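Student: Coordinates for the following, if possible.
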Amino acid sequence: MTSTIDSRASRTGYSSVLNYTILATASRAVTEAIAPAVLVSALATGHSALEGAVILAGVTGLAAVGGPFIGATLDRVRHPGRVVSAAIVVLAAGVALLAWLMPHAPLWALLVIASAGGIAQPALTGGLSSQLPSLVSPQQLHRAYGIDAATYNIGAVAGPPLAAGAVILGPTGPLIFTLALLGVALLMRPFVPFPTRSEPGIRHSLVRDVTTGFKGLFSTPSLAGVTLINTIGFVGQAGFLVGVPLLVMIQQDSLAHSGWVFGALAVGGLLASTWITVRPIKNLDRTVVLTTIVVALALLVLSFTPSFTLTLILAFIIGLADGPLLAATFSVRSREAAPEIRSVVFTTAASIKTSFYALAAAGLGAVAHFGVGYVFGIGALLQVIALMSAWITMSYMKRHQATGATPANP
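Tutor: Take a look at the predicted model:
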C-alpha cells in the first residue's frame, strides 16, 4: 500500500512539474518575444524607430517598478495561482489592444496601453519561479530550478526569432504571435496546482511587505552575496548585448551574423540547464562564484578577439555558465528567503536587475564610441566588482552577526 501511495505521489509530482514547465516556457517566451514583437510591429505599421523604442520602454518600465508589488501580492493572497492568471489576462489584454490600435492610435495611447500591460510581466518571470517550492518536494527543488532555468533559455531561443518572423502574417503579426503564447499560458494555468494558503493572523500593509522584500534580499550573508553578484554581474552582461553587433560588424561586415552569436549564447544556456536537471548542483554558492568568473574571462577575451568563430565559442561558453548561474541563484533565494516573503524577494531581485540592465545598456552604448573592446572590458570588470562586493558584504555581515551573537552566548 505504501508503495502504491509513493507511486501516485511521484506521478502527481511529475505531472505538476511538466505542467509548470509548459506554462513557464510559454510565459518566458512571451517575456523574451515581446520586445521584438513591439518594435517590429511598430515599424511595420509606419511608426519610427524612436516611437517603437518609446512603446517598448512602456512595456519594460512599469514591469521593473511593479515587480516588488506583484511579489508582495503573491506572498499575501490565499490563491497565488489567481494572481498569475490575472497577470496573463492583463498582459494579453495589453498586447491585443496594441495589435488592434498600433496602425492608427496616437503614441501616447499606445504608451499607456503598453505600460498597463507590461506591469504584469514580473508575475511570469520571478513570480512563477518563486512558487516552485510549493509544487515539488525539497529533494526535487534543485532539479526543478534547473528545469525552470531551461524555460528561460528555450524562451530566449524560440521567442524573439519566431515573433519577428511572424510579420509575414501581417504588420501586427508579431503581436498576434505573442498573444497566442499568452493563450497557451492561460490554458495551462489551471493544470498547475498552486497552493491555497490559510488566512494570515496579522496582515501588514502592502507597502510594508514590499519594504520587507527589499530588506529580505540582504537578510542573510549568502542571499546578500548572490543578490550583489547577480545584479552587478547581470549589468556587466549588458556589455555582451551592446558589444556583439558592433564586434560582428567588424568581423563579418554584416549585422545579420549577430543572430548566430546570440543563438550560441541561448543554446549554451539551454544545454547547461538541461544537464543540471540530471545532475543537480551540489554547492550552490560556489557555483554562483565560479560561473561568474567564467563569464568575466569570456567577456575579457571578447574584448580583443578578431575571430568570429572564437566569438561564437565564447558566446556558447557564457551560455553554459549562465544556465547553472541562474538555477543556483533561484535555489539560494528559495533556501535563504523566509517563505512569507519569498515571492517578493524573487520579483524584487528580477526588477532591480531589469532596471540596472537597461541603464547599463544605454551607458555602454555611449562607451562604444571609444571602441567595442572597452564595452566588453567594462562588462568583464563589472563581474569582478560583483564578486568583490559580494565578498566584502558577506564578510562584514558574518562579522557583525558573530559580534552580535557573543553577548547572547557567553
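Student: only C-alpha atoms for contact and neighbour calcs from this point on.
Tutor: Fine.
Student: can you pull the buried residues of stretch 279-290?
Tutor: The neighbour-count criterion (16 or more other C-alpha atoms under 10 Å) identifies Pro280, Ile281, Leu284, Asp285, Thr287, Val288, Val289 as the buried residues of stretch 279-290.
Student: of those residues, closest to Ser222?
Tutor: For Ser222, the nearest member of the buried residues of stretch 279-290 is Asp285. The distance, counting by C-alpha to C-alpha, is 7.3 Å.
Student: Wait, the closest one touches Ala328, no?
Tutor: Yes. With contacts defined as C-alpha atoms under 8 Å, Asp285 counts as touching Ala328 at a distance of 7.3 Å.
Student: JSON lines for the buried residues of stretch 279-290, including distance to Thr211 and secondary structure?
Tutor: Formatted as JSON lines, the entries for the buried residues of stretch 279-290 read as follows, by distance: C-alpha to C-alpha, whole Å; DSSP: H, G, I helix; E, B strand; the rest coil:
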{"residue": "Pro280", "distance to Thr211": "33", "secondary structure": "coil"}
{"residue": "Ile281", "distance to Thr211": "31", "secondary structure": "coil"}
{"residue": "Leu284", "distance to Thr211": "27", "secondary structure": "helix"}
{"residue": "Asp285", "distance to Thr211": "25", "secondary structure": "helix"}
{"residue": "Thr287", "distance to Thr211": "29", "secondary structure": "helix"}
{"residue": "Val288", "distance to Thr211": "26", "secondary structure": "helix"}
{"residue": "Val289", "distance to Thr211": "28", "secondary structure": "helix"}
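Student: pLDDT-wise, what's the bottom of those?
Tutor: In terms of pLDDT, the weakest of the buried residues of stretch 279-290 is Pro280, which scores 77.
Student: give the contact list for that one.
Tutor: With contact set as C-alpha atoms under 8 Å, 6 or more residues apart in numbering, Pro280 has these partners: His142, Arg143, Gly146.
Student: Would you mind measuring from it to Ile147?
Tutor: Using C-alpha to C-alpha, to the nearest Å, Pro280 is found at 10 Å from Ile147.
Student: what do you get for Ala166?
Tutor: Ala166 sits 27 Å away from Ile147, taking C-alpha to C-alpha as the criterion.
Student: What about Gln237? Give its phi and psi, please.
Tutor: According to degrees, to the nearest 10, the main-chain angles of Gln237 amount to phi -70, psi -10.
Student: and if you look at Leu217?
Tutor: phi -60, psi -20.
Student: I'd say it and Ala349 touch.
Tutor: Yes. With the criterion set as C-alpha under 8 Å, Leu217 and Ala349 qualify as a contacting pair; they are 7.4 Å apart.
Student: how many neighbours does Val90 have?
Tutor: In terms of burial, Val90 registers 18 neighbours under the definition other C-alpha atoms under 10 Å.
Student: how much space between it and Leu186?
Tutor: To Leu186, Val90 is 11 Å away according to C-alpha to C-alpha.
Student: do Gly365 as well
Tutor: In this structure, Gly365 lies at 37 Å from Leu186, with C-alpha to C-alpha as the measure.
Student: the more surrounded of those two?
Tutor: A direct count of neighbours by other C-alpha under 10 Å for Gly365 and Leu186 places Leu186 higher, at 21 against 18.
Student: Contact partners for that one?
Tutor: Contacts for Leu186 were tallied using C-alpha under 8 Å, 6+ apart; they are Leu23, Ser85, Ile88, Val89.
Student: of all these, which comes closest to Val226?
Tutor: Minimum distance to Val226 across the contacts of Leu186 is 26.6 Å, recorded for Leu23 (C-alpha to C-alpha).
Student: so which strand or helix has that closest one?
Tutor: For Leu23, the element it lies in under DSSP states H and E is helix 2-44.
Student: cool, and Val248?
Tutor: Under the criterion DSSP H and E, the helix or strand holding Val248 is helix 238-252.
Student: Any buried residues in that helix, and which?
Tutor: Neighbour counts using 16+ other C-alpha under 10 Å place 238-249, 251 of helix 238-252 among the buried residues.
Student: Can you identify the element that follows that helix toward the C-terminus?
Tutor: helix 258-278.
Student: Which secondary structure elements does that following helix sit against?
Tutor: Contacts of helix 258-278 with other secondary structure elements, assessed using 3 or more C-alpha pairs under 8 Å, 6 or more residues apart in numbering; DSSP states H and E, are made with helix 141-165, helix 238-252, helix 308-336.
Student: Give me the angle between the helix or strand just after the first one and helix 141-165.
Tutor: Tracing the chain past helix 141-165, the next element assigned as helix or strand by DSSP H and E is helix 173-188. Helix 173-188 and helix 141-165 meet at an angle of 150 degrees, taking axes from the mean of the first three to the mean of the last three C-alpha atoms, to 10 degrees as the criterion.
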